[in-house]
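> how would this look folded up:
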Amino acid sequence: MLKRSHHCGLVRAEHAGESVVLCGWVNTYRDQGKGLIFIDLRDHSGLCQVVFDLEDVKPEVVAASRALRREDVVGVKGVLRRRAGDPNPKLATGEVELLASELEVFNKAENPPILPDEYEAEKIAEEIRLTHRYIDLRRPRMQQILRTRSRVTKVTRDYFAGHGFTELETPCLIKTTPEGARDFVVPSRLHEGSWYALPQSPQLFKQILMVAGFDRYIQICRCFRDEDPRADRQAEFSQIDLEMSFADRDDVMTMMSGFTRTLWREVLGHEVGEIPRMTWRDAMERYGIDRPDTRFGLELRDVSDLAAKTEFAVFKDALAKSRAGRKGCVKALRVPGGAEKITRKMLDAYGEFVKGFRAGGLPSAKVAAAKGGASAGAAPGGIAFETGCAKFLEPVAAELASRLSLEPGDLVLFGADHWDVCTKALGELRLRLGHDLKLIPASAWNFLWVVDFPMFDWDEEGKRWVAMHHPFTSPNPDQFHLLESDPGGCLSAGYDLVVNGSEIAGGSIRIHRMDVQEKVFTLIGLSSEEAEGKFGFLLRALRHGAPPHGGIAFGLDRLVMHLCGTENIRDVMAFPKTQSGQDLMIGAPGPIDPSQLDELHIRPAMPTPT
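Predicted coordinates for the structure are as follows:
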């Protein structure tokens, strides 16, 4: 068998004159006539052109070279030379070619259902590419992405090993615990009627590792959540999981900021610098979302006080609303130049868009220069409102123009509802406007820590508090007294790391005191018996001496998505599931033999009568 001496994409002009053996897949085949056959030979490193001069090779090489087709796996031996024709500037190996003397066909490929070609991939349905993933993964782009993923995991392990973290594994067969999503469950053969669950995260185990005295823990782990997939979510995913003992919020955030800077420097050569912080309240008020994209403006402004001075029923109805102690509000979004940029059709579409976030509609008004100078309802500088709800804004035109820094040609969009509905709807609209109006600089990297999240959110249906993050998140050090007097005003020691509007990591300082943990369980409606049944092993551990501790988890797949510039999480996984949770290559999920169900003490469901 021919043994490879060089990789296809790594031969260069300085290797000219050397005897070389290349191995790989036939990427293209060209019979030029005149006794010459050309192939581009491909491996993971790239392409190299190979030339068969049929007058100078053995008859068996002539026959084998003429029978080559795309995706055949071959080895070729010959002398590397400078190209006989013009160099190909599109290839790293474009100055050289291999003049073949020997050919060994390792494997003849059937006519491929798809080709590992970037141009072809754009025209082929994703379902077909995933069915033949072993070919799709041969694409240079996929090879590059998965090598980047490998690089990310190496940089991760090196960084945390250098800071005293111990890499430990936690189990994949655990008990079901309420963590916000549905569990994947696994029946036990040895314990009839009992079930394991696959972990949604190692949260409870990493806290126990801190109780066990390991001080600093890291794991690159698999997590499982039975929820509907989307562009940036899969039911089976990976995260970089961390925990630190005797640490406060600043300690964790400083350590993880250093990791982020190291990762972006090592993988992209980009210097991140200091990462600013923003409170959750500030993020929601200004951007309408707790993972704000700060690469562009269009910030929200609260104009509830001005709206109260108008006779606009939509505003008045909104301001009369109240939920969990929060009054209704009116917010405004200024779109510079929006009077011309946003058509009536677009405005109608935006109105329907915000209804998807429970908003009733999207009041709006254009800003125009008042004709003949200042007029009734005109703001200083001769600005007046027209169209939409303009007539209702006349009493507050000057104040509104000043607060929003309005200019002629602007468009003002309003949200009016409960505070959470209003901010959410306008926040999502802001992101859509950023894309539609091309306001987002593609090459920018804007990082942000979001802190001071509320400990609890009010569940209107259940009439109880629910944990904003999870029930093991600690209040901020100065907030413990609010657990008794004002749970809704209590701020947590949680923190999220955001880049370009995407949350790439989230964590918190944990509760390590039993009295605090019991109080939180009571607030979210868990009795002591329920808490013991769901989290008894953690509670028992906390009773035996738990250090102050906190941690974070980075979504590995999302990190790689950002570093590789893709918006589809399936691009950064070797073997992803489809949007419906199927693995089309292996045919999972699929039927199971009845004898296996018998072993697991499971009775198949009877078909529903028609």
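> Specify the next element, helix or strand, located C-terminal of the lengthiest helix in the chain.
Ordering each helix of the chain by length in residues (DSSP state H) puts helix 140-161 first. Per DSSP states H and E, the first helix or strand lying C-terminal to helix 140-161 is strand 166-167.
> how about the longest helix of the chain: buried residues?
Along helix 140-161, these residues count as buried under the neighbour rule (16 or more other CB atoms under 10 Å): 140, 142-143, 145-146, 148-149, 152, 155-156, 159-160. Quick note: C-beta positions are derived from backbone N, CA and C, even for glycine.
> Give the residue spans of this protein that score low on pLDDT.
For the chain, the stretches flagged by pLDDT under 70 are 178-180, 229, 231-232, 323-325, 370-382, 606-610.
> let's see it at 80
Low-confidence segments of the chain, defined by pLDDT under 80: 177-180, 228-232, 322-326, 369-383, 460-462, 605-610.
> Buried residues of the longest strand anywhere in the chain, list them for me.
Using DSSP state E to define each element, the chain has its longest strand at strand 19-33. By 16+ other CB under 10 Å, the buried positions in strand 19-33 come out as 20-27, 29.
> Save those as a markdown table, and put in distance to L242 too.
Output for the buried residues of strand 19-33, formatted as a markdown table (distance: CB to CB, whole Å):
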| residue | distance to L242 |
| --- | --- |
| V20 | 46 |
| V21 | 45 |
| L22 | 43 |
| C23 | 41 |
| G24 | 40 |
| W25 | 40 |
| V26 | 46 |
| N27 | 42 |
| Y29 | 50 |
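> so which of those residues comes closest to F296?
Relative to F296, the closest of those is N27; by CB to CB it sits at 41.2 Å.
> which ones are touching the closest one?
Listed by CB atoms under 8 Å, 6 or more residues apart in numbering, the contact set of N27 reads 39-42, 47, 70, 116.
> neighbour-wise, which of those leads?
Neighbour counts for these, by other CB atoms under 10 Å, peak at I39, which reaches 29 neighbours.
> I'd guessed it sits against D31; true?
No - between I39 and D31 there is no contact under CB atoms under 8 Å: 9.9 Å.
> Mutual contacts of the two, please.
Common neighbours of I39 and D31, counting by CB under 8 Å, 6+ apart, are absent.
> tell me the angle of the helix or strand containing A64 relative to strand 19-33?
A64 belongs to helix 59-66 when assigned by DSSP H and E. Relative orientation of helix 59-66 and strand 19-33, computed by axes from the mean of the first three to the mean of the last three CA atoms, to 10 degrees: 60 degrees.
> Work out the gap between helix 59-66 and the centre of the chain.
Relative to its chain's centre, helix 59-66 lies at 50 Å (CA atoms, centre = their mean, to the nearest Å).
> Who are the packing partners of the next helix or strand after it?
As assigned by DSSP H and E, the chain's next helix or strand after helix 59-66 is strand 73-82. Judged by 3 or more CB pairs under 8 Å, 6 or more residues apart in numbering; DSSP states H and E, strand 73-82 is in contact with strand 19-33, strand 96-107.
> Can you list the strands that the first one pairs with?
It stands for strand 19-33. Here strand 19-33 is paired, per DSSP bridges, with strand 36-43 (antiparallel), strand 73-82 (antiparallel).
> Over to the last one?
Each strand that strand 96-107 pairs with, and the sense of that pairing, follows from DSSP bridges: strand 46-53 (parallel), strand 73-82 (antiparallel).
> give the contact list for S194.
Neighbouring residues of S194 by CB under 8 Å, 6+ apart: 187-188.
> and the gap between the residue lying closest to G501 once chain neighbours are set aside and F575?
Computed as CB to CB, 6 or more residues apart in numbering, the closest residue to G501 that is not its neighbour in sequence is D293, at 2.8 Å. Remark: distance between D293 and F575 (CB to CB, to the nearest Å) = 31 Å.
> Which helix or which strand is home to the residue lying closest to G337 once chain neighbours are set aside?
The shortest distance from G337 to any non-neighbouring residue, by CB to CB, 6+ apart, is to G409 (5.2 Å). Following DSSP H and E, there is no helix or strand that holds G409.
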